[in-house]
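*Asks:* quick one, what's the 3D model for this:
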Amino acid sequence: MAGSFRSTYYHKVDGKGRVSIPASFRRALELGDPDWRADGDSPPRVILVIGFEDGPCITCMTLARMDALEDAAAASGDPEALDIFEEDVVAASDELKLDDNGRISLSPDLRRSLGITAEVVFVGKRDRFEIWQPDARGAQRAARDADGAARAQRRATIRDIRARSAQKDTE
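*Replies:* Numbers count the residues shown, from 1 in each chain. This is a model prediction of the structure:
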């Protein structure tokens with residue numbers, strides 16, 4: 001993976017629906033855009049997909065990641081899976097260029113449908129990031145944390161990943 005999206009950031013949305021992409025996320029977008037140039041003549045692009053994840057959020061990814069998903073869908077050999085991917089992901093996506101200040105514009109319809117007004121939360125997910133309305137993200141996290149058995153399973157999964165990583169480091 002050329003660059004990854006890590007951490008959680010809160011950013012203001014201005015009256016025109018513009019929001020600044022976190023600086024570290026912009027670097028990953030640059031690395032994942034084959035047409036981006038450091039001279040500033042070609043700002044990085046981002047793919048926005050609505051309904052990609054479970055939950056009321058926007059999923060964002062690099063062009064390279066979207067290309068890889070499209071290639072995997074086409075290579076599946078399953079016409080039904082390809083149709084589902086095209087309808088639910090490709091048709092629900094939009095390619096945006098960041099402006100000179102590293103911002104994207106969220107349309108009024110999109111902001112209204114997700115309840116986005118003055119602020120959003122950016123949530124890094126390694127190969128993608130999500131944009132949430134803060135209260136919706138809080139509710140999603142609270143629901144996730146309310147299930148004690150699921151929380152214990154997540155902790156065990158993290159311990160297992162850490163152990164595998166440590167083992168790999170010693171090999």
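*Asks:* can you list the weak-confidence ranges in the chain?
*Replies:* For the chain, residues meeting the criterion pLDDT under 70 lie at 1-2.
*Asks:* what are the ranges of the helices in this protein?
*Replies:* 23-31, 63-75, 79-85, 108-114, 134-146, 148-170 (DSSP state H).
*Asks:* wait, what's in contact with the residue nearest the centre of the chain?
*Replies:* The centroid of the chain falls nearest to residue 129 when counting by Cα atoms, centre = their mean (2.2 Å). Under the criterion of Cβ atoms under 8 Å, 6 or more residues apart in numbering, the neighbours of residue 129 are 5, 25, 59-61, 122-123. (Each C-beta comes from the backbone N, C-alpha and C, glycine too.)
*Asks:* select only the buried ones of these in ChimeraX?
*Replies:* Command for ChimeraX that selects the buried part of the contacts of residue 129, burial taken from 16 or more other Cβ atoms under 10 Å:
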select :5,25,59,60,61,122,123
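*Asks:* in strands only, show me the contacts of residue 129.
*Replies:* Those of the contacts of residue 129 mapping onto strands are 59-61, 122-123, per DSSP state E.
*Asks:* contacting residues for residue 16?
*Replies:* Contact partners of residue 16, counting by Cβ under 8 Å, 6+ apart, are residue 105.
*Asks:* next one: residue 47
*Replies:* 60-63, 65-66, 93-95.
*Asks:* ends of stretch 68-81, what's the gap?
*Replies:* Start-to-end span of stretch 68-81 (Cα to Cα, to the nearest Å) is 15 Å.
*Asks:* give the buried residues for that stretch.
*Replies:* By 16+ other Cβ under 10 Å, the buried positions in stretch 68-81 come out as 69, 73.
*Asks:* surely residue 13 meets residue 121?
*Replies:* No. Contact criterion Cβ atoms under 8 Å: residue 13 and residue 121 do not qualify, at 11.0 Å.
*Asks:* across the sheet, point out what pairs with the residue nearest to the centre of the chain.
*Replies:* residue 60, residue 124 (DSSP bridges).
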